[in-house]
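S.K.: Here is my input; please provide its structure:
(chains A and B)
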Amino acid sequence: MSPGRETGNKMDFFVTPGVLLSDERLKKTEEFLARMGLKYEGGADHTVQLLSEYGEILGNGCLCGNVLKYIAVDERLQGEGAAVTLVSELVSEAYRRGITRLFLFTKAENEMLFRGVGFYTIASTQDVCFMENSRGGIDRWLASMEKQKGVVGACVMNCNPFTKGHRYLIETAAKLVDHLEVFVVSEDRSAFPFADRIEMVRRGTADIPNVLVRPSGDYMISHATFPTYFMKDRADADSVNAALDLTVFAQKIAPALNITKRFVGTEPYCSVTRNYNEIMKKLLPAYGIEVVEIERLGGISASRVREALADRDTKTVDELVPESSLPFILKRGQDA
Amino acid sequence: MEIKKTGVAGTMESSDIIVRIEPKETEGVELALESAVMQQYGKQIEKVIRETLDELGVTRAYVNAVDKGALDCTVAARTLAAAYRAAESTDYVWNGGKEK
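M.R.: As a prediction, this is how the structure comes out:
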């Protein structure tokens, strides 16, 4: 977005809320965003555009769940007015839909512009600034959790579903610390719903006294902390996302919860996770957080469980997951 | 007045203010204000918001406000509307601004 420090001749524009991004319009929007250095990757629930009198796109912004995305304004619309109008329209629409906790990420140079419309910085890296529409929102969330004493470790897991491998990682990590915070990814975008995943983790680790199972909330590996559309080149985008997510963890979450160790399993399969873990090893030690990589229990992965489920191979499923996970897996089998 | 859910009123248009009021478990009103005229009128806007909430008996709330140069009467009206919405109340008495 143009930060609009200069003043110049303003072009007339028309605010057009509720644009349907289909066919021709989608193509034009993609072209506009590409010109502004953004990549459209779908997910828009509501789109607001600024159009010239000839219908040319001069500005765009989308509401995707609780995240404002794809915000860009043509350089010719100098001044802050246009950007504020866009964001204002998106925020109003979100409120109309009953979505009141909003997030966005933007280039660091636009931080002040969004501050002016009521967004506050959660954390920032060199490239990206992650913001929310409540001052101190993350601090309130952090204050709601009790800070543990002694050596505190953390791991963030999706557990889709909870396997013997997850159990092994938690058990091993718990022995190395006084308290282990296990954050289960709250985002409901996995085969198993969040409510089932966290319950599987709770039941599967109930016998380990120093384990605390919590939802990861909005600030860890969420729709909001993991923007992938931001950079032109996808490989780079993943790195930017990982760095942002880990920066929030290092700058905000770890100090508030006294966390000095972060545990991960070795990742032989998924390149995104492997890349995330590599960036973790580079980034967290600078904040005094040790990254402990635990060797994965041979051949066990949640994706193998899902494959076995798809093949109705119950024998393999039984081998890979603890008994406490089975009711949830069977339940899903019946739903499917 | 008890704040039960998030209530919003207003817009980010010029000369308006958008006020969002959210429930808070502990005593006190925590206010975050952004204003285009923060230097000149920030304190006055905050005073109007706080007084309006005081009159309603709102003692526990998070308030987020983004001001785009609203007059005091607008600030009070938007705060009132947001508070009534947040309290899920329709008891407002329309008697020419002297509500009670």
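
S.K.: contacting residues for residue 60?
M.R.: Unless you meant another one, I'm taking chain A. Shown in contact with A:N60 (Cβ atoms under 8 Å, 6 or more residues apart in numbering or on different chains): A:29, A:32-33, A:47-50, A:70-72, A:86. C-beta: built from backbone N, CA, C; applies to glycine.

S.K.: To clarify, I was referring to chain B.
M.R.: B:R60 neighbours (Cβ under 8 Å, 6+ apart): B:2-3, B:23-29.

S.K.: ok so, going back, take the contacts of A:N60 and keep only those in helices.
M.R.: A:29, A:32-33, A:86 (DSSP state H).

S.K.: ok, those vs chain B, which is closest?
M.R.: Checking the ones in helices among the contacts of A:N60 against chain B with Cβ to the nearest Cβ, the nearest one is A:L86 at 10.2 Å.

S.K.: now for the host helix or strand of A:I138, which elements pack on it?
M.R.: Secondary structure assignment for A:I138, by DSSP states H and E: helix A:137-143. Counting contacts by 3 or more Cβ pairs under 8 Å, 6 or more residues apart in numbering or on different chains; DSSP states H and E, helix A:137-143 is packed against strand A:120-124, helix A:254-257.

S.K.: so how far is the longest one from its chain's centroid?
M.R.: This means strand A:120-124. 14 Å (Cα atoms, centre = their mean, to the nearest Å).

S.K.: so what does the next helix or strand after it touch, helix or strand wise?
M.R.: Where DSSP H and E defines the elements, the next helix or strand beyond strand A:120-124 is strand A:128-132. Of the remaining helices and strands, those touching strand A:128-132 by 3+ Cβ pairs under 8 Å, 6+ apart are strand A:103-107, helix A:111-115, strand A:120-124, helix A:234-248.

S.K.: tilt between strand A:128-132 and strand A:120-124?
M.R.: 140 degrees (axes from the mean of the first three to the mean of the last three Cα atoms, to 10 degrees).

S.K.: Can you name the residues that contact A:I122?
M.R.: Counting by Cβ under 8 Å, 6+ apart, A:I122 touches A:130-132, A:137-138, A:219, A:248, A:252.

S.K.: Restricting to C-alpha, output stretch A:128-137 in PDB.
M.R.: This file holds the C-alpha atoms of stretch A:128-137, laid out as PDB (Å, rounded to 0.1, in the frame of the first residue of the first chain):
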ATOM      1  CA  VAL A 128       6.400  -7.900   8.100                       C
ATOM      2  CA  CYS A 129       4.400  -6.200  10.800                       C
ATOM      3  CA  PHE A 130       1.700  -8.300  12.500                       C
ATOM      4  CA  MET A 131      -1.100  -6.200  14.000                       C
ATOM      5  CA  GLU A 132      -4.400  -6.700  15.900                       C
ATOM      6  CA  ASN A 133      -7.300  -4.300  16.500                       C
ATOM      7  CA  SER A 134      -7.000  -4.300  20.400                       C
ATOM      8  CA  ARG A 135      -4.300  -2.600  22.200                       C
ATOM      9  CA  GLY A 136      -2.600  -5.200  24.400                       C
ATOM     10  CA  GLY A 137      -4.800  -8.000  23.100                       C
END
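
S.K.: So which bits of it are buried?
M.R.: Within stretch A:128-137, the residues scored as buried using 16 or more other Cβ atoms under 10 Å in any protein chain shown are A:128-135, A:137.

S.K.: Columns pLDDT and distance to A:E293 on top of those residues, output as TSV?
M.R.: Below are the buried residues of stretch A:128-137 laid out as TSV (pLDDT from 0 to 100; distance: Cβ to Cβ, whole Å):
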residue	pLDDT	distance to A:E293
A:V128	79	26
A:C129	86	30
A:F130	88	26
A:M131	93	32
A:E132	94	31
A:N133	94	36
A:S134	92	35
A:R135	91	37
A:G137	90	32
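
S.K.: Looking at those residues, spot the one nearest A:V213.
M.R.: Within the buried residues of stretch A:128-137, proximity to A:V213 (Cβ to Cβ) peaks at A:G137, which comes in at 22.7 Å.

S.K.: Double-check that closest one against A:R101; I have them as touching.
M.R.: Yes: between A:G137 and A:R101 a contact is recorded at 7.1 Å, counting by Cβ atoms under 8 Å.

S.K.: Can you get me a residue count around residue 81?
M.R.: No chain in the question, so chain A it is. When neighbours are defined as other Cβ atoms under 10 Å in any protein chain shown, A:G81 has 14 of them.

S.K.: other chain: chain B
M.R.: For B:A81, the neighbour count with other Cβ under 10 Å is 17.

S.K.: Show only the entries of the contacts of B:R60 found in helices.
M.R.: Among the contacts of B:R60, no member falls in helices (DSSP H).

S.K.: among these, who's most crowded?
M.R.: Result: B:I3 is most packed of those (other Cβ under 10 Å), 25 neighbours.

S.K.: Around chain A, which positions in chain B sit nearby?
M.R.: Taking Cβ under 8 Å from any Cβ of the partner chain as the criterion, chain B approaches chain A at residues B:6, B:8, B:11-13, B:18, B:20, B:22, B:32, B:34, B:36, B:62, B:64-66, B:68.

S.K.: Now that we have those, which of them are buried?
M.R.: Counted by 16+ other Cβ under 10 Å, the residues of chain B next to chain A give B:6, B:8, B:11-12, B:18, B:20, B:22, B:32, B:34, B:36, B:62, B:64-66, B:68 as buried.

S.K.: Among these, which pair sits farthest apart?
M.R.: B:T6 and B:A36, at 23.8 Å, using Cβ to Cβ across those.

S.K.: Grab the nearest non-local neighbour of A:V19.
M.R.: A:T47 (4.3 Å; Cβ to Cβ, 6 or more residues apart in numbering or on different chains).

S.K.: To clarify, my last question referred to A:V317.
M.R.: A:A308 (5.0 Å).

S.K.: tell me which element that neighbour falls in.
M.R.: helix A:302-310.

S.K.: What average pLDDT does that helix get?
M.R.: Summarised as a single mean, pLDDT over helix A:302-310 is 88.

S.K.: how far does it sit from the chain's center?
M.R.: The answer for helix A:302-310 is 24 Å, by Cα atoms, centre = their mean.

S.K.: can you list contacts of it?
M.R.: Outside helix A:302-310, the residues within contact range by Cβ under 8 Å, 6+ apart are A:158-163, A:165-166, A:191, A:269-270, A:314, A:316-317, A:320-321, A:329, A:332-333, A:336.

S.K.: Point out where chain B drops to low pLDDT.
M.R.: B:95-100 (pLDDT under 70).

S.K.: and A:L104, how many neighbours does it have?
M.R.: Counted with other Cβ under 10 Å, the neighbours of A:L104 add up to 24.

S.K.: Spatially nearest residue to it, not counting backbone neighbours?
M.R.: Per Cβ to Cβ, 6+ apart, closest to A:L104 is A:L68, 4.1 Å.

S.K.: Shouldn't the one you found be within a strand?
M.R.: Yes: assessed with DSSP: H, G, I helix; E, B strand; the rest coil, A:L68 lies in a strand.
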